[in-house]
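1. Give me a 3D structure for the following:
(one chain, ligands or ions: 2)
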Amino acid sequence: MASSISSNPTSFKTNVPCPIKLSNSNNNSLSFLHSNSTLSCPINLSTFKKPEKTLFQVVNVSKTCESSVSFPIKLSSFKKPEKTLFQVVNVLKTHESSVSNAVDPDEKIPFQKPTILVSEKLGEGGLELLRSYGNVECLYDLSPEQLCEKIGSCDALIVRSGTKVTREVFEAAQGKLKVVGRAGVGIDNVDLQAATEFGCLVVNAPTANTIAAAEHGIALLAGMARNVAQADASMKAGKWQRNKYVGVSLVGKTLAVMGFGKVGSEVARRAKGLGMHVIAHDPYAPADRARAAGVDLVSFDQAISTADFITLHMPLTPATKKVFNDETFSKMKKGVRIINVARGGVIDEDALVRALDSGVVAQAALDVFCEEPPSKDSKLVQHENVTVTPHLGASTKEAQEGVAVEIAEAVVGALNGELSATAVNAPMVPAEVLSELAPYVVLAEKLGRLAVQLVAGGSGVQAIKVVYKSARDPDNLDTRLLRAMIIKGIIEPISDSFVNLVNADFTAKQKGLRISEERVMVDASPNAPVDSVQVQISNVQSKFASAISDNGDISIEGKVKYGGVPHLTVVGSFGVDVSLEGNLILCRQVDQPGMIGHVGNVLGEQNVNVSFMSVGRTVKRTKAIMAIGVDEEPAWETLKKIGEVPAIEEFVFLKL
Ligand SMILES: NC(=O)C1=CN([C@@H]2O[C@H](COP(=O)(O)OP(=O)(O)OC[C@H]3O[C@@H](n4cnc5c(N)ncnc54)[C@H](O)[C@@H]3O)[C@@H](O)[C@H]2O)C=CC1
Ligand SMILES: O=C(O)C(=O)COP(=O)(O)O
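-> Ligands and ions are numbered 1, 2, ... in the order given. I've put the predicted structure just below:
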């Protein structure tokens, strides 16, 4: 008879402040408790070999922690929280012990305030909000070394464009850093790949400085056209040079907006108000949005070759790096004027100096530079036809207050484990979609968790297929969030990886998991985004043979029912209906009267509370599957007794 108990007892997440404590919840087991019950790790001490050393070993493990250890152990003070817990469990597994007097399990665990490092000047409104939630440290002008030294004790980091958040920073954080907040738009100063690998969420504040940047672009455009900065400097030097500073008019001139996003479109609107003819180039902007603004979307070459003024508003990406270079300057109208309020790196600065010297570019007005601040002897900065500002696009009082509040809200939300609408390295789901998907997120994680526990040891999970059935058009179903949660459910029970929305796809790839998805339209309620979710694992054996469907895969399916509760509805070829709460026992039995009572009695005698029971069968009086929801984890002896009921052919205990 096949039987099993899940061998990996851990289930935890660390993207919230996570105080844990060890407690002897009864004479025979040691439990990790967690304040918001996401961590639950009962360890059966009867299997340990050296009882007296257990506690000592745990303390030794905790010496990898920065501060001295006392019970309760605070996971948040460890350098690698997710690894630490796993290590502790491993140490405990090598011993046999009962730890008496560890901690009172009923003792309340205080909320530990997260540490938030603010490395650049942030508006007071945002700081206030952060202070009401965590311990805020404002440390400006840290060197890269100082930042790496400091980051190991921080849960969140808030930066603007001046702090380079490199791979070294994430490495130095050793898993402690949960979120980087960019108080602004451009995230080219954050190593997103490294953040993703380390499961660190990156959020930005994409809207609050749009108008400030657009207004600065217009200020540079008008100021450059009329030589305002040069004339001012000349007068301050005691001169009166009216003939030297004759400008050019804007009205009737063609302005090419490169990057028709938030800032670009606001610049376009304002330029039209100045009487300019505005064209734009943006490979990803919808033509109808441009048309509605009275702007023609044109090709890159058309834009740069017809414009009198070119204003840059695209992000710095590998595709846009140095797109303004010798070759593209040579295609421009002689005497063109360029404004850059986007990123210095989109221009080859040496090539721009050459274009200015040759007169192809008459003037440039630059707020941003490849290297910030640029060197004091930069030929570009010193060029007499160039106007410069020290990255001031977002620097208005209004924008800075707005950005500070926007980022503080995003960071606090992320520390609370909420999904962020401004995440840049995780599925970004609009708030209304998020609330609609929330119950399915729980269902997805539980189905992943169940499916992987059905795999027989040594099978090696590789190919996973997820089928979403929905009454809605498959193209309107954004499944990224659900896929990530299924991956989390699959990976966490079988490894020491900490998986979150940020690193789910990356971790799956690293572990060699191939996830394919299918969206199927079915006749169901259009009010629900999803009718059912099915998880199949191919090419594996199951420790519960009945979970194998007709096509040879482990297959389980679930639905969200009755006010948002996730239910398991299909196991293999058997229909069942059991809510996915607590733990689950699946039994295959000969379909005959009295089975529910029999098994219920065995559990009742051991004081295991049955929360739900459901029987599913394919043919009457042949085989049936009984799904039993239990609040407590039954002792091994109890499960054994279930297995000894003559009509029961196989059973499995699964932890949700
Ligand atoms: N100087 C400053 O203080 C500030 C600078 N910025 C910078 O301005 C830029 C634009 O910001 P937003 O408008 O808020 O971003 P956005 O994301 O709303 O717009 C960027 C637009 O560029 C387009 N784009 C992408 N690749 C392109 C390419 N190869 N050619 C042409 N267009 C391309 C995108 O499709 C998008 O429409 C960013 O680089 C941002 O960092 C933003 C605020 C302040
Ligand atoms: O938001 C952006 O992209 C900006 O460039 C603004 O940068 P800052 O926050 O002023 O350092």
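2. Alongside ligand 1, which residues does the stretch 51-200 of the chain contribute?
-> Residues of the stretch 51-200 of the chain lying close to ligand 1 (C-beta under 6 Å from any ligand atom) are 185-186. All C-beta spots, glycine's among them, are computed from the backbone N, C-alpha and C.
3. what sits against the residue in the stretch 51-200 of the chain positioned nearest to ligand 2?
-> Across the stretch 51-200 of the chain, the shortest distance to ligand 2 (C-beta to the nearest ligand atom) belongs to residue 184, at 2.6 Å. For residue 184, the contact set (C-beta atoms under 8 Å, 6 or more residues apart in numbering) comprises 160-161, 204-205, 209, 394, 403.
4. what secondary structure does residue 651 sit in?
-> Three-state call for residue 651 (DSSP: H, G, I helix; E, B strand; the rest coil): strand.
5. separation between the residue nearest to it when sequence neighbours are not counted and residue 196?
-> Among residues not flanking residue 651 along the chain, residue 587 sits closest, at 4.2 Å (C-beta to C-beta, 6 or more residues apart in numbering). Taking C-beta to C-beta, to the nearest Å as the measure, residue 587 falls 42 Å from residue 196.
6. More neighbours: those two, which one.
-> residue 587 (25 against 21; other C-beta atoms under 10 Å).
7. Which of the contacts of residue 184 fall within helices?
-> Per DSSP state H, helices hold the following members of the contacts of residue 184: residue 403.
8. now the helices for the stretch 351-500 of the chain?
-> Secondary structure of the stretch 351-500 of the chain, counting by DSSP state H, counting those that start in this stretch: helices at 379-382, 397-415, 431-453, 480-491.
9. Just the residues contacting the last one, thanks.
-> Read that as helix 480-491. Contacts of helix 480-491 (C-beta under 8 Å, 6+ apart): 419, 426-427, 429, 434, 437, 440-442, 444-452, 461, 464, 466, 468, 497, 499-501, 504-505, 507-508, 511, 513, 515, 517, 530, 533, 535.
10. Show me which residues of that helix are buried.
-> 481-491 (16 or more other C-beta atoms under 10 Å).
11. swap in stretch 406-418?
-> So for stretch 406-418, counting by 16+ other C-beta under 10 Å, buried means 406-415.
12. Wait, residue 326 touches residue 347, no?
-> No - using C-beta atoms under 8 Å, residue 326 is not in contact with residue 347, being 11.3 Å away.
13. Compare these two (neighbour count), which wins?
-> Neighbour count, other C-beta under 10 Å: between residue 326 and residue 347, residue 347 has more, with 28 against 14.
14. can you tell me the distance between the two ends of stretch 219-230?
-> 14 Å (C-alpha to C-alpha, to the nearest Å).
15. So that stretch, near ligand 1 or not?
-> No - under the criterion of C-beta under 6 Å from any ligand atom, ligand 1 is not reached by stretch 219-230; the shortest gap measures 10.0 Å.
16. Give the rounded mean pLDDT of that stretch.
-> Confidence for stretch 219-230, expressed as mean pLDDT, is 98.
17. who's in contact with that stretch?
-> 245, 247-250, 255, 271, 274, 309, 311, 337, 339, 341, 363-367, 384, 387, 389.
18. Give me the buried subset of the residues you listed.
-> Members of the contacts of stretch 219-230 classed as buried by 16+ other C-beta under 10 Å are 250, 255, 271, 274, 309, 311, 337, 339, 341, 363-367, 387, 389.
19. And the helices in the stretch 151-300 of the chain, which stretches?
-> 167-173, 192-197, 210-225, 228-236, 262-273, 287-292, 300-306.
20. quick one: which of those helices is nearest residue 653?
-> With C-beta to C-beta as the criterion, residue 653 lies closest to helix 192-197 of the helices of the stretch 151-300 of the chain, at 34.2 Å.
21. which strands and helices sit next to that closest one?
-> Using 3 or more C-beta pairs under 8 Å, 6 or more residues apart in numbering; DSSP states H and E, the elements in contact with helix 192-197 are helix 167-173, strand 201-204.
22. If you count neighbours, what's buried in stretch 131-142?
-> Those would be 133-134, 136, 142, for stretch 131-142 by 16+ other C-beta under 10 Å.
23. quick revisit: which stretch in the helices and strands packed on helix 192-197 is the model least sure about?
-> strand 201-204 (a mean of 94).
24. so what does that one touch, helix or strand wise?
-> By 3+ C-beta pairs under 8 Å, 6+ apart, strand 201-204 packs against strand 179-182, helix 192-197, helix 397-415.
25. again, only this time at 7 Å
-> strand 179-182, helix 397-415 (3 or more C-beta pairs under 7 Å, 6 or more residues apart in numbering; DSSP states H and E).
26. Quick check, pLDDT for the residue of the chain found nearest ligand 1.
-> Per C-beta to the nearest ligand atom, residue 261 is where the chain lies closest to ligand 1, at 1.8 Å. The model reports residue 261 with a pLDDT of 94.
27. and the buried residues of helix 480-491 as CSV, adding distance to residue 540?
-> Conversion of the buried residues of helix 480-491 to CSV gives the following (distance: C-beta to C-beta, whole Å):
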residue, distance to residue 540
481, 26
482, 22
483, 19
484, 22
485, 21
486, 16
487, 16
488, 19
489, 16
490, 12
491, 15
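28. Check those residues one by one and keep those near ligand 1.
-> With C-beta under 6 Å from any ligand atom as the criterion, the buried residues of helix 480-491 include none near ligand 1.
29. Reformat those residues as TSV; add pLDDT and distance to residue 578.
-> Output for the buried residues of helix 480-491, formatted as TSV (pLDDT from 0 to 100; distance: C-beta to C-beta, whole Å):
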residue	pLDDT	distance to residue 578
481	86	24
482	92	20
483	92	24
484	90	25
485	92	20
486	95	19
487	93	23
488	90	22
489	92	17
490	92	20
491	89	24
